Structures are given as structure tokens and as C-alpha cells.
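Peer 1: Next input, structure requested:
(one chain, ligands or ions: 2)
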Amino acid sequence: MSVELPVFDISQPFNSSSISSLSVACREWGFFHITNHGISKDLSRKLHSCASQIFNLPSEVKHKAGPLSDVKTYTPHFIASPFYESLRVAGPDFFASAQSSSQALLNQSNSEFSDMLQEYGSKMTQLSKTILEMVIKCQGNDFEIKYLSEFKNCHGYLRINNYSPPECIDDQETEGLGMHTDMSCITIVYQDDIGGLQVRSKEGKWMDINPHENTLVVNIGDLMQAWSNGKFRSSEHRVVLRKNVNRFSVAFFWCFEDEKVVFAPEEVVGEGNLRVYKPFVCGEYVKFRENSEEGKFEKVGFTVKQFAGTEM
Ligand SMILES: O=C(O)CCC(=O)C(=O)O
Ligand SMILES: [Fe+2]
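Peer 2: Residues are numbered from 1 along each chain as shown. Ligands and ions are numbered 1, 2, ... in the order given. From the prediction side, this is the model:
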């Protein structure tokens, strides 16, 4: 089964009807689509082809940027899943970050790749600011004016994901990336035309988010779920591999700075409503997810609810 998410034209100002359908999407699914986002087909095609060259390097070469290296930008197979590997590019200087991976992997800089990532990262940064403003606006009148400054130190990073399916795909679905929630405020995902991204409904059913040409997927992350006092959902999602072909995606995570104390403002909680999260320091939550076995990336058992929820 698949879910048809609403599509928002991000190049146009939002009117009251788009704000109210955005609000429904954030509450019900924590997922929606955007179009007219300014990422050309040409840019995503070129990025895909440059990234494939990196992922096609022998694994002993890729390990030069792996978890035991100095740069630590490459996540090899068998960390999140046997079929998943990724390369991280950190902002705001996406160019420098891409150059350091390229230097570690190829012993030379690759300015074509780094230029592309700088362009992609800067566009994602702009898009995140626009989307975030709309997402805050949907939580109350003039909230974007009152509360946008809380998000002024947000930062972004990219994860370029490569999924290689097992030799033979049988009837059973193979998880390329297990069920998880994102640690971001919002995430913007480019998925190629293979499909496989799924969101878990409130009833616990896995629903396909089918790829649509020229659209990007946006999802609410744990930090926004906490800041909105649980109004907006950081949905569990995963990637399944059904075809015997590689799948490519690029996720951009827009996050609070590590020092930020995440705490829903009184007005966001609303009079008479209970506060469902204790205040927490963003960096502590990131550490909890990265370092505790239970909190790990692909294991959804422990998320912001277990970390800071008041209903425990
Ligand atoms: O590959 C995708 O489509 C989604 C990836 C994802 O959920 C993530 O990187 O957090
Ligand atoms: Fe994710």
C-alpha cells in the first residue's frame, strides 16, 4: 500500500489553505512532498554519477574515510545494514567537507564533486529555512515571527546513501535501512526512481512513499517533534529493497546546534495541555543516539520519547 502525500510548491508563498494541509500532513504522517525546489535534474544526475564512482571504489580504499580514519565521513556496509553505505558531507562549508573526503579517498581533491555538493548543500540550506518557517507557522498565528529566531543557529549536513541489494531478492522484502526516526528538526530527501522508502502509519502499517519526478520528500525529525510538544510527528520510516538494482538517495538533515536546549514554548504547548517532553540539550540527545546501543540509528526502540518524554 502506498500513501499519496500532499505536494507543496515551495517557490510560491503559502496561503491559508496550504498552511492547513501542511499542518495535517505534519500531524498525520510527519511527511510531505515539495516541488519547484530548485534542484535541477541535471544536478541530481551528476551528483549520482560522481557518488557512484566513490561507492564503486574498492572497500579498502573507502575505509580511508571510514569510522577508524581521521575524516570519518564514510559509513561502510554492516553498520546500519549489510546493504547500506553512505558518505557524510557537513555544512556550512560543504565544499571543504567534500574535499576532505575526496582527499582521503583518492589522494587528490575533486573540485567538480565538491562544487556540486556546495551547490546542493546551499540550496538545501535555503529550502530548509523556507520549509521550517512554514512548519512553525502551522503551529499557531504569527508563531514564525515569534519563534523563528530559536532556529537561527541550525546547521545542516548531507548523507549520500547507496543501497546495494543482495544477490537474489526473493518475495520477502529486504530492509536496506531499518526502521528509525531522524534526529533532525526536518529532513529533505532526494530519492531516485527505484522507490522503497516507507513510512509507518499510526496503525503500524508500512506505506510506500513512491518517488515522483521533480519532487523531494520532507519529513519531521525528533527535534521538531519535541519542540512542537508532540504535535508534529517524527515518523518511523525505513527503506526496503525489492529490485535487483542499486538505489541512490541524498538526505539533508537540518538540526539545532548542539548547545540548544530543546523546550517547547508555552504558547506552542497551549493552555491546559500537558508538556510531553522535559527540556534537553540537543547534543546530549545526539550522543545518546550515537553511543548507546539501544539508541542507535537503525534501532527505533529508543528515541526522543525515551530520552526526554514525561510519560515514562
Ligand atoms: O534513502 C532514503 O530514501 C531515506 C534515507 C533515510 O531515511 C536517512 O538517511 O535517514
Ligand atoms: Fe531517515
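Peer 1: From what I see, residue 163 and residue 176 are in contact.
Peer 2: Yes: counting by Cβ atoms under 8 Å, residue 163 touches residue 176, with 4.1 Å between them. For glycine as for every other residue, the C-beta is placed from the backbone atoms N, C-alpha and C.
Peer 1: Enumerate every residue touching the closest residue to ligand 1 within the stretch 151-300 of the chain.
Peer 2: Going by Cβ to the nearest ligand atom, ligand 1 is nearest to residue 249 of the stretch 151-300 of the chain, at 3.3 Å. Contact analysis of residue 249 by Cβ atoms under 8 Å, 6 or more residues apart in numbering lists 160-161, 163, 189-192, 197, 239.
Peer 1: what's the next secondary structure element after whichever strand or helix holds residue 98?
Peer 2: Applying DSSP states H and E as the criterion places residue 98 in helix 94-106. Remark: after helix 94-106, the chain's next helix or strand is helix 111-137, criterion DSSP H and E.
Peer 1: Tell me the buried residues in that next one?
Peer 2: 113-114, 116-121, 123-125, 127-128, 131-137 (16 or more other Cβ atoms under 10 Å).
Peer 1: just checking, what packs against it?
Peer 2: helix 16-28, helix 41-55, helix 94-106, helix 143-147, strand 155-163, strand 186-191, strand 215-220, strand 247-255 (3 or more Cβ pairs under 8 Å, 6 or more residues apart in numbering; DSSP states H and E).
Peer 1: what comes into contact with the second one?
Peer 2: For helix 41-55, contacts defined as Cβ under 8 Å, 6+ apart pick out 62, 85, 87, 101, 105, 110, 112-113, 116-117, 119-120, 160, 162, 190, 192, 214, 246, 248, 250.
Peer 1: Buried residues in stretch 8-25, which are they?
Peer 2: Those would be 8, 10, 14, 18, 22-23, 25, for stretch 8-25 by 16+ other Cβ under 10 Å.
Peer 1: ok, now how distant is the residue of the chain positioned farthest from its centre from residue 266?
Peer 2: Within the chain, residue 272 marks the point farthest from the mean C-alpha position, 32.5 Å out by Cα atoms, centre = their mean. Distance check for residue 272 against residue 266: by Cβ to Cβ, to the nearest Å, it reads 11 Å.
Peer 1: Brilliant, that's me finished.
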